[in-house]
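[1] Pasting the sequence and the predicted model now:
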Amino acid sequence: MKNAIIVKNLYRIYSQKKGKFNALKGINFSVKEGEVFGLLGPNGAGKTTTTKILTTLLKPTSGSVNILGFDIDKHKNEIRKQINFVFGGEKGVYGRLTPVQYLIYFSCLYKVPSTIRKKLIFELLELVGLDEHKEREIYTFSKGMLQRLHIARSLINDPKILFLDEPTIGLDPIIAQEVRDIIQNLKRKGTTIILTTHYMKEADELCDTIAIINEGQIKAIDSPENLKNNYFLDKIYECTILLKFENYEIPQFKFLQITTLDNTLMKFRIAVSKELDYLAVKRKLSEIGEIVSLEQTKTSLEDVYIKIIKGEI
């Protein structure tokens, strides 16, 4: 499978009053044609800077970027014809237009031939589930409907690469799943997708490859399954305990998540060494309280992400 994107030794340095800030510190990665590539990291890690460079909105300080066979420094216009993007929480719509009018406007900007324009617009509205609302004024749309319209807009030039920056941010679970279904559909059609998100379950569900970036450097890059299997060597348990004491620290255990259910009733997600079996874990936990429930569970992408960002891997 060919590479749609190749990034080599990419740096971006910002000049500030306090001095220079290295937003990207020589990152390297490639994205295969037709895959969903996830870029994960905390705020300020370098995700937005990377996305802006890949979409030709920001010039790198040094390094090389090749997109669909074109050098990003020499062939910006050629690249722009073949990519598009959607930003989470995007508000750039014309509220008094209908979806059809809105997409006609963008189809003209992208010089879509008039002979196919109408058919294309109706197909896109059907793809994102807005075909029954094509004559409504956009200002009446819900947040989820607006996000689906933005996705339709981003497909007006039939892009080979689509950049989605937190596409489900602020959406309720049902609408967010509808957006993820659209992304899966685009993947089946062969569109290469670059996805940034803070939702680990979303990344796990959608992505073929994930790069975890922090402090301007890529800390890990692999498939979701390989990240979970190879980067996290502990066992994961979930337990509910009626605590005896306020202090519930256990030296051999790493408490990943702590939830207070009711006064001294606590729910924990813990990581323990693979050398400890179930009975040993149970004995240790019984020292801090009465065990209501205890079960071993699978490592999640969030478990791996937290350990990598904290520098524990």
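    Structure's in. What do you need? Numbers count the residues shown, from 1 in each chain.

[2] Which parts of this protein are helices?
    47-54, 76-81, 99-109, 114-127, 143-154, 173-188, 200-206, 224-230, 278-286, 301-309 (DSSP state H).

[3] who touches the fifth one?
    Just to be clear, that refers to helix 143-154. Helix 143-154 is contacted from outside by 84-88, 90, 93, 99, 102-103, 106, 124-125, 127-130, 133, 138, 141, 162, 167-168, 170-172, 175-176, 178-179, 182, using Cβ atoms under 8 Å, 6 or more residues apart in numbering. Using the backbone N, CA and C atoms, a C-beta is placed for each residue, glycine as well.

[4] Count the neighbours of residue 52 for me.
    By the measure other Cβ atoms under 10 Å, the count of residues near residue 52 is 18.

[5] Number of residues surrounding the residue nearest to residue 223 when sequence neighbours are not counted?
    Nearest residue to residue 223 in three dimensions, chain neighbours excluded: residue 209, at 5.9 Å (Cβ to Cβ, 6 or more residues apart in numbering). Taking other Cβ under 10 Å as the criterion, the count of residues near residue 209 is 19.

[6] Quick check: beta-bridge partners of residue 209?
    According to DSSP bridges, the partner residues bridging residue 209 are residue 37.

[7] Quickly note the distance from it to residue 73.
    From residue 209 across to residue 73, the span is 25 Å (Cβ to Cβ, to the nearest Å).

[8] Report the buried residues of stretch 165-181.
    Neighbour-count burial for stretch 165-181 flags 165, 166, 167, 168, 169, 171, 175, 176, 178, 179, 180 (criterion: 16 or more other Cβ atoms under 10 Å).

[9] Pull the most distant pair out of those.
    165 and 178 (18.1 Å; Cβ to Cβ).

[10] quick one: low-confidence ranges for the stretch 51-200 of the chain?
    88-91 (pLDDT under 70).

[11] Quick check: pLDDT value at residue 280.
    pLDDT for residue 280: 92.

[12] ok, it - how many residues close by?
    By other Cβ under 10 Å, neighbour count at residue 280 equals 13.

[13] Contact partners for residue 259?
    266, 267, 268.

[14] from the residues you listed, which is closest to residue 16?
    Out of the contacts of residue 259, the member with the shortest distance to residue 16 (by Cβ to Cβ) is residue 268, at 41.8 Å.

[15] what's the nearest residue to that closest one if we skip its chain neighbours?
    Here the residue nearest residue 268, using Cβ to Cβ, 6+ apart, is residue 239, at 5.3 Å.

[16] ok, the one you found touching residue 278?
    No. Using Cβ atoms under 8 Å, residue 239 is not in contact with residue 278, being 11.2 Å away.

[17] tell me, what's touching those two both at once?
    residue 294.

[18] who has more neighbours, the two?
    Neighbour count, other Cβ under 10 Å: between residue 239 and residue 278, residue 239 has more, with 19 against 12.

[19] Name all residues that make contact with that one.
    Residue 239 makes contacts with 267, 268, 270, 285, 291, 292, 293, 294, 295, as judged by Cβ under 8 Å, 6+ apart.

[20] For those residues, could you give me TSV that also reports pLDDT and distance to residue 254?
    Below are these laid out as TSV (pLDDT from 0 to 100; distance: Cβ to Cβ, whole Å):
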residue	pLDDT	distance to residue 254
267	92	16
268	91	10
270	90	6
285	91	13
291	94	18
292	94	21
293	95	19
294	95	16
295	95	17
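
[21] Which two among these are spaced furthest apart?
    Greatest spatial distance among the contacts of residue 239 (Cβ to Cβ): 270 and 292, at 14.6 Å.

[22] So which of those two has more stuff around it?
    Taking neighbours as other Cβ under 10 Å, residue 270 and residue 292 compare with residue 270 leading, 22 against 13.

[23] Assess the claim that that one and residue 255 are in contact.
    Yes. Between residue 270 and residue 255 there is a contact under Cβ under 8 Å: 5.6 Å.

[24] hang on, the earlier thing: please produce a ChimeraX select command covering the buried subset of the contacts of helix 143-154.
    A single ChimeraX command selects the buried members of the contacts of helix 143-154 (16+ other Cβ under 10 Å):
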select :84,85,86,87,88,90,93,99,102,103,106,124,125,127,128,129,130,133,138,141,162,167,168,171,175,176,178,179,182
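
[25] residue contacts, the closest residue to residue 285 other than its chain neighbours?
    Spatially, and ignoring its direct neighbours in sequence, residue 285 is nearest to residue 291 (5.6 Å; Cβ to Cβ, 6+ apart). Shown in contact with residue 291 (Cβ under 8 Å, 6+ apart): 239, 240, 241, 282, 285.

[26] Quick check: nearest residue in space to the second one, chain neighbours excluded?
    In this case it means residue 240. Nearest to residue 240 is residue 292, by Cβ to Cβ, 6+ apart, at 4.2 Å.
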